[in-house]
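Student: Using only what follows, build the 3D model:
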Amino acid sequence: MAYSTHALPDCNLEAATTLSLRREPACFAFLCSRAISPPQPIDSLNLDLASVDYFGGRASLWATLEIRSAASDDKATAVLGFDESFLSPFTRALIECASSRVPYRMTITRSEDRPQRLVEYVTGPGVALSELILTPQDNVVVVSARAEGEDEETLFQLPRTDSFLRAFAKVTYQADAQLQQTLAQTEKLGRHRTSGAA
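Tutor: Numbering: from 1, shown residues only. Got it, this is the predicted structure:
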């Protein structure tokens, strides 16, 4: 049973999390060998809430990391899709990798009821990932990924500058709080409707 978000307070992540990269070192997306689109410069990025569900007695949500590029008329393009547990660890990993200049590997654990917790939309329509790899370079952090049984593929780059990392940490902290609040409200609403239907 999935409930639409119209019964919940509006959670407009895109408006609150858009970051311009025009003054940052040049970053690109779709750099992998099997990309379905050519490499594109990233002019801005944002987070977006894609869906909120209540099913089997549990609330869950799905969000995306989107990029915009003048090369594609500033149309939003999702590069990662993730559940509510991803954003905070990813931000910590990005900051640690950028500041220590040591590559960082994030293992994505999956369970029977949650087989897809992180997917990439670069090489195909929602490829489930088992590992995310962050590699620091001089001016950028390269974000690569590996699906189960597949080779590592480079997905996109993010700036390594202090200004970007501070701004990214701020918006992801605020976004994570919004996502957790939305999740709690969905859980409460779902329980209320389930008990009312009983």
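Student: Please look at Pro25 and Val141 and confirm they touch.
Tutor: No - with contact defined as C-beta atoms under 8 Å, Pro25 and Val141 do not form a contacting pair (10.5 Å). All C-beta atoms are positioned from the backbone trio N, CA, C, and that covers glycine.
Student: Between the two, which contacts overlap?
Tutor: Residues touching both Pro25 and Val141 by C-beta atoms under 8 Å, 6 or more residues apart in numbering: 159-160.
Student: Looking at these two, which one has more neighbours?
Tutor: Taking other C-beta atoms under 10 Å, Pro25 and Val141 do not tie; Val141 has more neighbours (24 against 15).
Student: Tell me, how many residues neighbour the residue nearest to Ser130 when sequence neighbours are not counted?
Tutor: Distance criterion C-beta to C-beta, 6 or more residues apart in numbering; nearest residue to Ser130, sequence neighbours excluded, is Glu148 at 4.7 Å. When counting by other C-beta under 10 Å, one arrives at 11 neighbours for Glu148.
Student: can you confirm Glu148 is in a helix?
Tutor: No - going by DSSP: H, G, I helix; E, B strand; the rest coil, the assignment for Glu148 is coil, not a helix.
Student: I'd say it and Val127 touch.
Tutor: No - Glu148 is not in contact with Val127 according to C-beta under 8 Å; the separation is 9.7 Å.
Student: bridging residues for the residue nearest the centre of the chain?
Tutor: For the chain, the residue nearest the mean C-alpha position is Leu65 (3.9 Å; C-alpha atoms, centre = their mean). Counting by DSSP bridges, Leu65 forms beta bridges with Leu47, Leu80.
Student: Only C-alpha atoms, please: export stretch 102-118 in PDB.
Tutor: Output in PDB follows, covering the C-alpha atoms of stretch 102-118 (Å, rounded to 0.1, in the frame of the first residue of the first chain):
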ATOM      1  CA  VAL A 102      42.900   8.700   0.700                       C
ATOM      2  CA  PRO A 103      40.500   6.700  -1.500                       C
ATOM      3  CA  TYR A 104      37.300   5.600   0.300                       C
ATOM      4  CA  ARG A 105      35.200   2.500  -0.400                       C
ATOM      5  CA  MET A 106      31.600   2.300   0.700                       C
ATOM      6  CA  THR A 107      30.100  -1.200   0.700                       C
ATOM      7  CA  ILE A 108      26.300  -1.200   0.100                       C
ATOM      8  CA  THR A 109      24.700  -3.800   2.200                       C
ATOM      9  CA  ARG A 110      21.500  -5.400   0.800                       C
ATOM     10  CA  SER A 111      18.800  -7.500   2.500                       C
ATOM     11  CA  GLU A 112      15.900  -9.500   1.200                       C
ATOM     12  CA  ASP A 113      13.300  -6.800   1.800                       C
ATOM     13  CA  ARG A 114      15.700  -4.000   0.600                       C
ATOM     14  CA  PRO A 115      17.600  -5.400  -2.500                       C
ATOM     15  CA  GLN A 116      18.100  -1.900  -3.900                       C
ATOM     16  CA  ARG A 117      19.500   0.700  -1.600                       C
ATOM     17  CA  LEU A 118      21.700   2.600  -4.000                       C
END
